[in-house]
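Chemist: Build me a structure from this.
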Amino acid sequence: MKLNFKSAGRISPAFLFKQDGLHPAVKIAAFILMAVLIPHLKFSELLSLAFPLSLALIHFRVRRFFSTLRRMRWLFISMLIIYAYTTPGEYLRNWPIDLAPSYEGLREGFYQIARISLVLAGISLLMTTSTRENLMAGIYTIIKPLSLFNVSPERFTARLYLTLQYIDKTKKRNEMQDKISGWQEGFLARLSNTQDLVLAEIVSLDIPRFGLLDGLCVLVFLIAIGLHL
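Modeler: Below is the predicted model of the structure:
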């Protein structure tokens, strides 16, 4: 297997809400930091975080986020019921039955739903604004310091890239096989396997350079970590 990792410069000026504005490693680090800090944020801080995420979702027209929320609606309803009836506190007044939820439970249930929704918004935004090659370049940049411990970031990134590529091609092949039958199925399957072997021999990723905006984002990350330690 031949690995070909090369460095590439920026083409367009860096801007926060531009697809190629941030280094992919900074995007991934931002999502990880957000996922770690969200459980410790207050309600006002969650609202402050939801505002820029909402603007980004609208700007990039991330429909995946809303479809994900729709699929998880029953999970959210179940969480709200569990928190409402298992969290001790002041019971809801004028409830028609004896088994009443608590105010604290409803509040915690809504908080948990908001936290999960923000994490889903972050990962949907990350997947929409980054191609697979961008994500692989970001992962490679993040794990590159592990080379000091005799860990090969090139090998790990190449294997992860080829695995994702194989999953996509297998999915497309299965969809194609559903439409055909007989000898055509086996013939096209062999052709697809041959093509996969050829394409999997070389992995080439463009590693962007860090810019001024990336440095500012890292500074913001450090400040956020310092405020919540």
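Chemist: hey, C-alpha coordinates of stretch 112-126 in PDB?
Modeler: The C-alpha atoms that make up stretch 112-126 are tabulated as PDB, following Å, rounded to 0.1, in the frame of the first residue of the first chain:
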ATOM      1  CA  GLN A 112     -30.800  16.800  28.600                       C
ATOM      2  CA  ILE A 113     -32.800  17.100  25.400                       C
ATOM      3  CA  ALA A 114     -31.200  20.500  24.700                       C
ATOM      4  CA  ARG A 115     -27.700  19.100  25.400                       C
ATOM      5  CA  ILE A 116     -28.200  16.100  23.100                       C
ATOM      6  CA  SER A 117     -29.700  18.400  20.400                       C
ATOM      7  CA  LEU A 118     -26.600  20.600  20.500                       C
ATOM      8  CA  VAL A 119     -24.200  17.700  20.200                       C
ATOM      9  CA  LEU A 120     -26.300  16.400  17.200                       C
ATOM     10  CA  ALA A 121     -26.200  19.900  15.700                       C
ATOM     11  CA  GLY A 122     -22.400  20.000  16.100                       C
ATOM     12  CA  ILE A 123     -21.800  16.700  14.500                       C
ATOM     13  CA  SER A 124     -24.300  17.400  11.700                       C
ATOM     14  CA  LEU A 125     -22.500  20.700  11.000                       C
ATOM     15  CA  LEU A 126     -19.100  19.000  11.000                       C
END
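Chemist: what does that stretch contact?
Modeler: 27-28, 30-31, 34-35, 38-39, 41, 43, 46, 49-50, 53-54, 56-57, 60, 62, 64-65, 68-69, 72, 76, 79-80, 83, 135 (CB atoms under 8 Å, 6 or more residues apart in numbering). Where you see a C-beta, it was placed from the backbone N, CA and C, and this is true even at glycine.
Chemist: are any of these buried, and which?
Modeler: Among those, those scoring as buried are 27-28, 30-31, 34, 38, 41, 49, 53, 56-57, 62, 65, 69, 76, 79-80, 83, 135 (criterion: 16 or more other CB atoms under 10 Å).
Chemist: Can you tell me which of those residues end up in helices?
Modeler: 27-28, 30-31, 34, 49, 53, 56-57, 65, 69, 76, 79-80, 83, 135 (DSSP state H).
Chemist: Mind picking the two most distant members of the residues you listed?
Modeler: 83 and 135 (34.0 Å; CB to CB).
Chemist: where do the helices sit along this protein?
Modeler: For the chain, the helices defined by DSSP H cover 24-37, 43-60, 63-71, 73-86, 103-128, 132-143, 153-179, 183-199, 212-227.
Chemist: Lowest average pLDDT across these?
Modeler: Here the lowest mean pLDDT among the helices of the chain goes to helix 183-199, at a mean of 50.
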